[in-house]
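Enquirer: Fold the following and give me the result.
(chains A and B)
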Protein chains: 2
Amino acid sequence: MASPEIEALTQALARLPGLGPRSARRAVLHLLKKRETALTPLLRALETVNERLSTCSTCGNVDTSDPCAICADPRRDQRSLCVVEEVADLWALERSRLFPGRFHVLGGRLSALEGVRPEDLSVDRLVARVSGGGIDEVVLATNATLEGQTTAHYIAERLESFPIRLTRLAHGLPVGGELDYLDEGTLAQALRARRPID
Amino acid sequence: MASPEIEALTQALARLPGLGPRSARRAVLHLLKKRETALTPLLRALETVNERLSTCSTCGNVDTSDPCAICADPRRDQRSLCVVEEVADLWALERSRLFPGRFHVLGGRLSALEGVRPEDLSVDRLVARVSGGGIDEVVLATNATLEGQTTAHYIAERLESFPIRLTRLAHGLPVGGELDYLDEGTLAQALRARRPID
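Expert: Here you go, the predicted structure:
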């Protein structure tokens, strides 16, 4: 059997999403075989992330500075705020480079099943940001899942007393989507939100 | 977009077998979200492996000591040697706890396609071990692939002048195997090596 050190590394890797015990073992073997080209770079990258990265105390993004590069960028529209569930959602939106404003990362979604309550998310901090003033629009960009929509509803209620425009991402056919393969929910949303051809 | 530190970690993880760019990004997010329970243990485990593990200069196993625990164990049968392609194969055999002797890890298999020649494997070291004397049997436990069998053939030729018993693992039906789903090669081997019912 492998040594305890290797077992510990295998277990640490197996806990990553997407890797099971078997693929973790294969990954460990790869790391042991390619020490210079695989193990060392991974070790250095983890050390750097561990030392340098922290959570932005304003928006919840992960970056080397606090406030993060997005919050600190004066060219970003200070008056619009996009609320997302996770840092990954922020990255997805940033890759598209379509949103000119700033973000607010909730850190999850309300879920009765997983026991996630409003106080587990950064909703209070969002309300504080909005009540601080200077924000015209809040885009609720939670996922189009039941839990994401519940979360959006809850936030909308918490923000309804403020003089801001509250919006959410449009639902409908994804680009390239074929009607025949789409679920009824998406079709219903797409039909309800139909727009005149211009 | 994510910071360069995160990109570097994502790339280092994406190079592991079993993880692509997408799952590597998910793994990085998991590590960032669970710093104490995921990132720190992984970092520590990698550091420990990097500091403590080395390759056994006798057999090619990976362990904290050189010679490794298997080579140093006086209770193991010194007279029989099992030749495997990779450390993973050694681990698989050790998990079964069926082989009482010691090992020799080749570090790969002969492959014209991948340009792996005899001098890239530890065949010379194997010949030296055998010519050193004290070994009665060498079990060639290379994989049942074309390349594994070619490698076994080559090693058998290199060892034929020594007064030892050369054996290989049996081929045949895997336990639980159904004839209907087996390839012809396995069926042919199983039929050719059929044994009387005792």
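Enquirer: tell me the domain boundaries of chain A?
Expert: A:4-52, A:62-168 (automatic domain parsing).
Enquirer: closest one to chain B among those?
Expert: domain A:4-52 (3.6 Å; Cβ to the nearest Cβ). Bear in mind the C-beta positions are built from the backbone N, C-alpha and C, glycine included.
Enquirer: what about the closest one, start to end distance?
Expert: One end of domain A:4-52 to the other measures 30 Å (Cα to Cα, to the nearest Å).
Enquirer: What segments of chain A are strands?
Expert: With strands called from DSSP state E, chain A shows them at A:54-55, A:62-63, A:80-84, A:102-105, A:137-140, A:165-168.
Enquirer: Looking at the ones you listed, which one is packed in the most?
Expert: Compared across the strands of chain A, strand A:102-105 shows the largest average neighbour count, a mean of 25 (mean count of other Cβ atoms under 10 Å in any protein chain shown).
Enquirer: So what are the sheet partners of that strand and their directions?
Expert: Sheet pairing for strand A:102-105, assigned by DSSP bridges, gives strand A:80-84 (parallel).
Enquirer: If you rank every helix and strand of chain A by mean pLDDT, what lands last?
Expert: Across the helices and strands of chain A, mean pLDDT, DSSP states H and E gives its lowest value to helix A:184-192, namely a mean of 80.
Enquirer: Any chance of CSV for the strands of chain A, columns mean pLDDT and distance to residue B:108?
Expert: Listed next are those as CSV, based on pLDDT from 0 to 100; distance: least, Cβ to Cβ, whole Å:
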stretch, mean pLDDT, distance to residue B:108
strand A:54-55, 90, 43
strand A:62-63, 90, 40
strand A:80-84, 94, 46
strand A:102-105, 96, 46
strand A:137-140, 93, 54
strand A:165-168, 91, 55
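Enquirer: could these be laid out in a markdown table, adding distance to residue B:185?
Expert: Conversion of the strands of chain A to a markdown table gives the following (distance: least, Cβ to Cβ, whole Å):
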| stretch | distance to residue B:185 |
| --- | --- |
| strand A:54-55 | 56 |
| strand A:62-63 | 52 |
| strand A:80-84 | 53 |
| strand A:102-105 | 55 |
| strand A:137-140 | 59 |
| strand A:165-168 | 59 |
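Enquirer: hang on, the earlier thing: what about the domains of chain A, which gets the closest to residue B:31?
Expert: Across the domains of chain A, residue B:31 has its closest neighbour in domain A:4-52 (7.4 Å, Cβ to Cβ).
Enquirer: returning to that earlier point: for the least confident helix or strand of chain A, give me every contacting residue.
Expert: For helix A:184-192, the surrounding residues in contact (Cβ atoms under 8 Å, 6 or more residues apart in numbering or on different chains) are A:171-174, A:177, A:179, A:182.
Enquirer: so who does the residue most central in space within chain A touch?
Expert: Note on chain A: the residue nearest the mean C-alpha position is residue A:86, at 2.2 Å, using Cα atoms, centre = their mean. Residue A:86 makes contact with A:105-108, B:29, according to Cβ under 8 Å, 6+ apart.
Enquirer: Most neighbours out of those, which is it?
Expert: When neighbours are counted by other Cβ atoms under 10 Å in any protein chain shown, residue A:105 leads the contacts of residue A:86 with 26 neighbours.
Enquirer: number of nearby residues for the closest residue to that one other than its chain neighbours?
Expert: Closest residue to residue A:105 apart from its sequence neighbours, by Cβ to Cβ, 6 or more residues apart in numbering or on different chains: residue A:60 at 3.2 Å. As a burial measure, residue A:60 scores 22 neighbours (other Cβ under 10 Å).
Enquirer: Hmm, residue A:106 and residue A:60 touching each other?
Expert: Yes. Residue A:60 lies in contact with residue A:106 (Cβ atoms under 8 Å); the separation is 7.4 Å.
Enquirer: between the two, what contacts are shared?
Expert: residue A:122.
Enquirer: In contact with the closest residue to residue A:54 other than its chain neighbours, which residues?
Expert: Ranked by Cβ to Cβ, 6+ apart and with sequence neighbours excluded, the top spatial neighbour of residue A:54 is residue A:66, at 5.6 Å. Going by Cβ under 8 Å, 6+ apart, residue A:66 touches A:54-58.
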